[in-house]
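Trainee: got a predicted structure plus its sequence, pasted below:
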Amino acid sequence: MGEARDLRWAEVEVERIGAWLAGKVKDAGASGVVVGLSGGVDSAVVAAIASRALPGRVWAYILPCHSAEADARDARLVARHLGLEVRTVELDAAFDALLPALEAAGGPARPLARANVKPRLRMIALNFMAAQKNALVAGTGNASELYVGYFTKWGDGGVDLLPIGHLVKGEVRLLGRALGLPEAIVERTPSAGLWEGQSDEAEMGFTYAELDAYIRSGASAVAPEVAARIAEMHRRSEHKRRMPPTPADEA
């Protein structure tokens, strides 16, 4: 990366993000935050920082939707490690009821259209829980995913706050170590859990290390073909990082 990061930096960053998060909750007049635990390092780091900054005011949920059992297992491991009470909202039945209705009107679902129903159902659940508790939804997207649009619009992107949205994946892992999270969670193979065997890096076509290097050090830090793919993904996903446009935006 363009700037060396170490555990001391990560410890300071944890405190800075926690203070920011507590301030945002206070400014909104909210009671706390709601977090979806996926079993991965991103949601674990967000939950851990929130737990420190807002003790007793973090509500965690596991939201399986035809998901691998390993996801829920690792999410429960994170919750136990943090001392968080966690509730499970099973979304299989909702998915199974909704998809046939959509296909009846729109035809057989394309693979990505089908897969994206899952994170959108999860975000419905998290926003419902947040409304029930007058809380904010703390998202778990990081800067690497945001840069290339590797998130579902109005799914995992439909949140109130992005506490780690400025950190690339490697930096999030460093925060995970500074927070004392289990190494199995910190080094878990990143996956959005959209289908069985899915992994982020295989789907993107490059590694997080390459993406992080591109973001922090520029295109020359990676192979030309990787830089070209990252640049194209960034360009094509620009709409995901903006509010819906209106005619006045171009006036």
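Mentor: Sure, I can see it.
Trainee: how close does residue 242 sit to residue 149?
Mentor: Noted for residue 242: a distance of 11 Å to residue 149, by CB to CB, to the nearest Å. All C-beta spots, glycine's among them, are computed from the backbone N, C-alpha and C.
Trainee: also residue 119?
Mentor: 13 Å.
Trainee: between those two, which has more neighbouring residues?
Mentor: Neighbours were counted for residue 119 and for residue 149 using other CB atoms under 10 Å; residue 119 has more, 24 against 18.
Trainee: quick check: closest non-adjacent residue to that one.
Mentor: Among residues not flanking residue 119 along the chain, residue 155 sits closest, at 3.1 Å (CB to CB, 6 or more residues apart in numbering).
Trainee: quick one: the helices in the protein, in order.
Mentor: With helices called from DSSP state H, the chain shows them at 7-27, 41-53, 69-82, 92-106, 111-133, 143-148, 169-178, 183-186, 200-204, 208-217, 224-236.
Trainee: weakest of those by average pLDDT?
Mentor: The minimum mean pLDDT among the helices of the chain belongs to helix 200-204 (a mean of 83).
Trainee: dump that one to CSV, restricted to CA.
Mentor: C-alpha atoms of helix 200-204 as CSV (Å, rounded to 0.1, in the frame of the first residue of the first chain):
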residue,chain,number,x,y,z
ASP,A,200,-15.2,-12.5,-4.1
GLU,A,201,-11.8,-12.8,-5.7
ALA,A,202,-12.8,-15.5,-8.2
GLU,A,203,-15.8,-13.4,-9.2
MET,A,204,-13.9,-10.2,-9.5
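Trainee: ok, and the closest non-adjacent residue to residue 24?
Mentor: Residue 24's closest residue in space is residue 161 (CB to CB, 6+ apart), at 5.7 Å.
Trainee: and that neighbour, how many residues sit next to it?
Mentor: For residue 161, the tally of surrounding residues (other CB under 10 Å) stands at 19.
Trainee: ok, now which ones touch it?
Mentor: Residue 161 is in contact with 21, 24, 33, 136-139, counting by CB atoms under 8 Å, 6 or more residues apart in numbering.
Trainee: ok, back up a step: turn the helices of the chain into JSON lines, columns for distance to residue 249.
Mentor: Listed next are the helices of the chain as JSON lines, based on distance: least, CB to CB, whole Å:
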{"stretch": "helix 7-27", "distance to residue 249": "26"}
{"stretch": "helix 41-53", "distance to residue 249": "31"}
{"stretch": "helix 69-82", "distance to residue 249": "39"}
{"stretch": "helix 92-106", "distance to residue 249": "29"}
{"stretch": "helix 111-133", "distance to residue 249": "25"}
{"stretch": "helix 143-148", "distance to residue 249": "21"}
{"stretch": "helix 169-178", "distance to residue 249": "32"}
{"stretch": "helix 183-186", "distance to residue 249": "41"}
{"stretch": "helix 200-204", "distance to residue 249": "29"}
{"stretch": "helix 208-217", "distance to residue 249": "26"}
{"stretch": "helix 224-236", "distance to residue 249": "18"}
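Trainee: to residue 61, which of these lies closest?
Mentor: helix 111-133 (6.3 Å; CB to CB).
Trainee: can you name the residues in contact with the closest one?
Mentor: Residues beyond helix 111-133 that count as contacts (CB under 8 Å, 6+ apart) turn out to be 31-34, 36, 59, 61, 63, 65-67, 89, 91, 94-95, 98-99, 102, 109, 135-137, 151-152, 154-156, 158-160, 192-195.
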